[in-house]
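*Asks:* The following comprises the amino acid sequence and a computationally predicted model.
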Amino acid sequence: MGKNTKTSVQLVSPEMQRELEKRGWALSALSEAAATLARADSTDLLVQEVCAAIASQGPYVLAWVGKAANDEKKSVTVIGAYGSAIEYVQDIHVSWSEFEPSGLGPGGATIRTGISSVVFDSESDEGFLVWRERAREFGIRSAIGCPIPDGVGHPYGVLLVYSKVPNAFGPAEVQLFEILAQEIGFGLRSIERQHRLDDQIHEKELVQERLAASLRATIE
């Protein structure tokens, strides 16, 4: 006689399904951004294409890179941004000073501490109070800031990603975007080194041309 077999079906809970979706969004963003990092040959192109790769995934409505300045107000300059909510960063004032109201958000906190900062829900996060009304206007509900290192222990800037859903950034997503921010820093430094090398080569060629011209003038 044949034995009756029971097939067990493991159902994925709604909570697990949401976690898997969040992981998938971040992984897709990381994959697309990695491809742009490999082909970018200028800092502007690198930042713009990485932001575009991120903002084209899932619920991410905006990604931008800010560069930290050592001026009096410790301002943060937007050097590239992309997304359906890109107007959010137009004429925006961000600081990384703890004494400035605009320095209490994820961008300022990340640069200041060198540690990623997550806004789980913009409607309840106290540090996001300055930006709350602006975020509502563009449908932003959560955000993450990850430090971009300069390679010598000082903050270069921050990668910021915004989502239209709350709690879009858990521990796994934080880790993935931290990896991406580190790669952005490495890519920017590589491009800057290449540009310095190109400038040195160009300067050497100019010196050689001047020497050759002087030699010709002397002979004549």
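*Replies:* Looks like it arrived, so ask away. Fair warning: this is a prediction, and the values are worked out from it, not measured in the lab.

*Asks:* end to end, how far does stretch 156-173 reach?
*Replies:* By CA to CA, to the nearest Å, the extent of stretch 156-173 from end to end equals 22 Å.

*Asks:* Pull the contacting residues for the one residue sitting closest to the centre of the chain.
*Replies:* What sits nearest the mean C-alpha location of the chain, by CA atoms, centre = their mean, is Leu159, with 2.5 Å. For Leu159, the contact set (CB atoms under 8 Å, 6 or more residues apart in numbering) comprises 63-65, 145-146, 148, 177, 180-181, 184. Any C-beta I mention is one placed from the backbone N, CA and C, and that applies to glycine too.

*Asks:* Which of the residues in stretch 75-86 are classified as buried?
*Replies:* Of the residues in stretch 75-86, those buried by neighbour count under the rule 16 or more other CB atoms under 10 Å are 75-76, 78-83, 85-86.

*Asks:* which residues of this protein fall in helices?
*Replies:* Assigned by DSSP state H, the helices in the chain fall at 14-39, 43-55, 106-113, 132-137, 171-219.

*Asks:* nearest to Ala69, of those helices?
*Replies:* Ala69 lies closest to helix 106-113 among the helices of the chain, at 10.1 Å (CB to CB).

*Asks:* Does anything pack onto that closest one? Which helices or strands?
*Replies:* Under the contact criterion of 3 or more CB pairs under 8 Å, 6 or more residues apart in numbering; DSSP states H and E, helix 106-113 touches strand 60-68, strand 75-82, strand 94-95, strand 117-119, strand 142-149, strand 155-163.

*Asks:* Report the mean per-residue pLDDT for the shortest one.
*Replies:* The average pLDDT within strand 94-95 is 92.

*Asks:* and what of the second one?
*Replies:* Throughout strand 75-82, pLDDT has a mean value of 94.

*Asks:* what do you get for stretch 186-203?
*Replies:* 63.

*Asks:* Next: stretch 16-31.
*Replies:* Stretch 16-31 shows a mean pLDDT of 81.

*Asks:* Contacts made by it with the rest, please.
*Replies:* Contacts for stretch 16-31 (CB under 8 Å, 6+ apart): 12, 53-54, 57-60, 161, 168-170, 172-173, 176-177, 179-180.

*Asks:* still on that earlier bit, how about the buried residues of stretch 75-86 in TSV, adding distance to Trp96?
*Replies:* As requested, these are exported to TSV (distance: CB to CB, whole Å):
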residue	distance to Trp96
Ser75	8
Val76	6
Val78	13
Ile79	14
Gly80	18
Ala81	17
Tyr82	22
Gly83	22
Ala85	22
Ile86	22
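
*Asks:* Good, wrapping up.
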